[in-house]
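In: Build me a model:
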Amino acid sequence: MKKVIFCVVYCLLAALLGISSGQRQLKQCFLKLRPENEPIKCDYNSRYRTISGRCNNFDNPEWGSAGQTYRRLLPNVYEDSLSIPRGGRHPASLPNPRWISQKNHPDSDNPDYRFTHMVMQFGQFLDHDITLTPKDEETDCCKTSDLQSGDCLVIPIPSADRFYSWINETAHCLNFVRSQPVCRSKTREQFSEISSYIDASNVYGSEIERSAILRTYRNGRLHRNSNTNQLPTREQLNIRPNTRTLRPETSSDFVAGDRRANEHPFLSSVHAIFLREHNRIAKLLKEYLPPHLQQDEILYQETRRLVGAEMQNIVYGEYLPTILGVDFMKSYDLIVAEETKYDSNVDSSIFNAFATAAFRFGHSMINGMFKLVSQRNSRTSDETDDVYWLWRLREVFDGQSVRGERLPLENMIEGLITQEPQTFDSFFTTEVTDHLFQKNHNRENFGADLLALNIQRGRDHGLPGYNAYRKACGLRYLTSWNQRPTEVDEKYWEKLKEVYNTVDNIDLYVGGVGETSVRGGVVGPTFACLIADQFRRLKFGDRFFYTHTNANGLPKVVKDEILQRTLGDVLCDVTRLGKVQTWVTLQPNSDYNPYKTCSSNRQLNMRAIADEIAQELSPEDSRFPERLRSRSLFSK
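Out: A predicted model of the protein is given here:
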């Protein structure tokens, strides 16, 4: 009760003092107390995760749950040690993020021939399962009288900007609203709106209201677009769009577990894949489970459990080895094993530096043009010459040009698993540095700058500089510009020297994208360190991780089936693709990553899985045990 009173008083004072919108602050205060409509008391006998992630840890029920404060690996470096962004407001002591973006990070086509564009795309999909930093989506700070008041921290556009000075000379700043703070904290801290666990919340949601909207409450299924068997739209689910945001929602927007599913159609396509996978498994479970277990709640929860485990296996068995390489996988105990142990002392909450900098590495890998492959030959032959076309990213942001329509799913997915991504480096496509979320319907030919926003976000969150994280990760601490790190090439180091006054001023994101890749991986050692440490916590601090034998992991039959499951298998089962390579994050290769026909891919043995589930749910009687009805198994 004291927390509630303190929170209300704080928020009212914040409103009176003009710190931010009192109404929004008040809402966030209560959000931080406990996710809405969830019971205060945890049911630790439950077989299933809560939607919000609460009650995963017996001793610390809030760890990893929706609404939790980001943890800090290093103390903040706010200008006043409390809330003023690193470098201060305008004028800041640090260089202008837009100027850095334009001067040191131009567009350069440099494909990485080892990987596929699915590395970037699955990475974005995964990010939307574990982090979401809320901010005011309705305020355009560039149109206010005081550009730096309250939560506004706009990025001034330099007078000689090579793009805006030519294409939109009336623009004077890039809009930037600070992340919503944790309202009860004396020092400004940020939080995530969604659960941190790899629990497929991007499919099911992190709050009860959203998860309920997505469900049909029949046979364990999720709502789908009945015309396309893809994502449903707001109109179909009778959800009123919010038209007040700067990027207004529409009735034809797709709806998924994460509200960012419409950022661009290739992200929407991956959401559609896992929606189909859920409904496919739910249908098969209903066929094989005994009649007394064919209840909607059981089918939904058991399917959710399986899909979440599939996602974990893909993350640790395919995605992380691709971006971290074998050395970091071994050092942080991330390699998939049949048996692992849960550690209740490990906090699975997300680290600020991970969410705000390190896991944004994929922005460097984005192609300006996304490939779609024709399915006329169904990819069943050995021909290597694709018939394909391209979508320019600026044309399709926020679902523009494809709103509510049937996505050419197979064409898009095959494009993702065959097109090379851009190399992880200091170069960024202008599609995200000049045209991010460009509003074509307004006939605008310019947008925001993702790189500049990333830099400013790190300062907004008070993240220490690149050099501090180098030291924390065991790399050589730099004391002068004469100590060029071996991880950064000489040309880029000279560029940094021209921009920053001291090595300690280098922003974490700017330093991280300039490092050469670790052996066998994508990212450099600093980002690899931060990413590996976070995923170690997400593994060992998750009571429901699928391979844990001392907690709520999967039983033997189900686990053995999931361990052999790949993203390629999922794609084969829910699309009309003719074939895929074994590891879809890597380029096809006849020696180590050959194509396999989808007609012969390994499928889940749903009969064996259903038998094991039935044994676990009905160990004593053929009828469903009444003792389970009183538990949270059937609670909504």
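
In: Give me the contacts around stretch 164-179.
Out: 85, 98, 133-136, 139-142, 147, 151-157, 159, 190, 246, 434, 444-446, 448-449, 452-453, 456-457, 460-461 (CB atoms under 8 Å, 6 or more residues apart in numbering). Glycine gets a C-beta too; all of them are placed from N, C-alpha and C.

In: Now, of those, which are buried?
Out: Neighbour counting with 16 or more other CB atoms under 10 Å marks 85, 98, 133-134, 136, 139, 141-142, 147, 151-157, 190, 434, 446, 448-449, 452-453, 456-457, 460-461 as buried within the contacts of stretch 164-179.

In: Show me those that map onto strands.
Out: Ile155, Pro156 (DSSP state E).

In: got the contact list for Lys286?
Out: Counting by CB under 8 Å, 6+ apart, the residues that Lys286 touches are Asn219, Gly220, Gln294, Leu299.

In: and it, helix, strand or coil?
Out: The local conformation at Lys286, judged by DSSP: H, G, I helix; E, B strand; the rest coil, is helix.

In: just checking, Thr245 touches Asp136?
Out: No - counting by CB atoms under 8 Å, Thr245 stays clear of Asp136, with 9.3 Å between them.

In: wait, which of the contacts of Lys286 is closest to Asp489?
Out: Gly220 (52.8 Å; CB to CB).

In: Show the contacting residues for the closest one.
Out: Here Gly220 is in contact with Ala282, Leu285, Lys286, Asp296, Glu297, Ile298, Leu299, Tyr300, Gln301, Glu302, Thr303 (CB under 8 Å, 6+ apart).

In: what's the burial count for the fourth one?
Out: Burial of Asp296, expressed as a neighbour count using other CB atoms under 10 Å, amounts to 17.

In: okay but it is in contact with Tyr217, surely?
Out: Yes - using CB under 8 Å, Asp296 is in contact with Tyr217, at 5.5 Å.

In: So what's the predicted local confidence for the residue nearest the centre of the chain?
Out: In the chain, the residue lying closest to the centroid (CA atoms, centre = their mean) is Asp127, at 1.3 Å. Looking at Asp127, its pLDDT stands at 98.

In: same question, Glu169
Out: Glu169 carries a pLDDT value of 75.

In: The residue lying closest to Ile84 once chain neighbours are set aside and Ala472, how far apart?
Out: Nearest residue to Ile84, sequence neighbours excluded (CB to CB, 6 or more residues apart in numbering): Tyr78, at 5.4 Å. Going from Tyr78 to Ala472 by CB to CB, to the nearest Å gives 18 Å.

In: Likewise for Ser211?
Out: From Ser211 over to Ala472 (counting by CB to CB), the distance is 37 Å.

In: Compare those two and say which is more crowded by neighbours.
Out: Neighbours per residue (other CB under 10 Å) separate Ser211 from Ala472, with Ser211 holding more: 20 against 17.

In: Can you verify my assumption that the more buried one contacts Thr50?
Out: No - when contacts are counted by CB under 8 Å, Ser211 is not listed as touching Thr50 (10.2 Å).

In: Identify the residues contacting Asn367.
Out: Asn367 makes contact with His117, Leu393, Gln419, Pro421, Gln422, Thr429 under the criterion CB under 8 Å, 6+ apart.

In: low-scoring pLDDT stretches of the protein, where are they?
Out: Residues of the chain meeting the criterion pLDDT under 70: 1-37, 145-148, 376-385, 403, 619-636.

In: again, only using 80
Out: For the chain, the stretches with pLDDT under 80 are 1-39, 90, 144-149, 168-170, 376-386, 401, 403-404, 618-636.

In: all strands of it, in order?
Out: Under DSSP E, the chain gives strands at 155-156, 173-174, 369-373, 388-392, 579-581, 595-597.

In: Out of the ones you listed, which is closest to Ser46?
Out: Smallest distance to Ser46 across the strands of the chain (CB to CB): 36.3 Å, for strand 579-581.

In: Which residues outside that closest one are in contact with it?
Out: Contacts for strand 579-581 (CB under 8 Å, 6+ apart): 379-380, 417, 568, 571-572, 587-589, 593-598, 601.

In: ok, back up a step: near the closest residue to the residue nearest to the centre of the chain other than its chain neighbours, how many residues? Count them for me, please.
Out: Once flanking residues are discounted, Asp127 sits nearest to Phe359: 5.8 Å by CB to CB, 6+ apart. Phe359 has 25 neighbours, counted by other CB under 10 Å.

In: I'd like the distance between Phe359 and Gly123.
Out: Relative to Gly123, and taking CB to CB, Phe359 is found at 8 Å.

In: what touches both of the two?
Out: Counting by CB under 8 Å, 6+ apart, nothing touches both Phe359 and Gly123.

In: before we move on, back to that, for the residue nearest to the centre of the chain, give its distance to Val177.
Out: Taken as CB to CB, the span from Asp127 to Val177 is 20 Å.

In: Please apply the same query to Gly541.
Out: Per CB to CB, Gly541 is found 31 Å from Val177.

In: Of those two, which one has the most company?
Out: Comparing Gly541 with Val177 by other CB under 10 Å, the one with more neighbours is Gly541, at 23 against 20.

In: List the residues that contact that one.
Out: Asn57, Trp63, Gly64, Tyr342, Asp343, Val346, Asp347, Ser348.

In: Also Arg602?
Out: Shown in contact with Arg602 (CB under 8 Å, 6+ apart): Gln564, Arg565, Asp569.

In: Just those: which are in helices?
Out: Asp569 (DSSP state H).

In: Please, a PyMOL command that selects the buried ones among the contacts of Arg602?
Out: Selection of buried members from those for PyMOL, criterion 16+ other CB under 10 Å:
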select buried, resi 565+569
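
In: possible to save the contacts of Arg602 as CSV with distance to Glu263?
Out: Listed next are the contacts of Arg602 as CSV, based on distance: CB to CB, whole Å:
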residue, distance to Glu263
Gln564, 32
Arg565, 27
Asp569, 26
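
In: wait, doesn't Arg162 sit right on Trp99?
Out: No - between Arg162 and Trp99 there is no contact under CB under 8 Å: 10.5 Å.

In: ok, the two, which is more surrounded?
Out: With neighbours defined as other CB under 10 Å, Arg162 and Trp99 compare such that Trp99 has more, 17 against 12.

In: show me what contacts that one?
Out: Pro158, Val499.

In: Give me the distance between Arg47 and Glu612.
Out: Arg47 is 13 Å from Glu612, by CB to CB.

In: swap that for Ile314, sorry
Out: Distance from Ile314 to Glu612, counting by CB to CB: 22 Å.

In: same thing with Ser93?
Out: 61 Å.

In: Just list the residues touching Phe428, thanks.
Out: By CB under 8 Å, 6+ apart, the neighbours of Phe428 are Ser101, His105, Pro106, Asp107, His363, Ser364, Ile366, Leu450, Leu451.

In: let's see 10 Å
Out: 101, 105-108, 363-366, 368, 422, 434, 449-451, 454, 513 (CB atoms under 10 Å, 6 or more residues apart in numbering).
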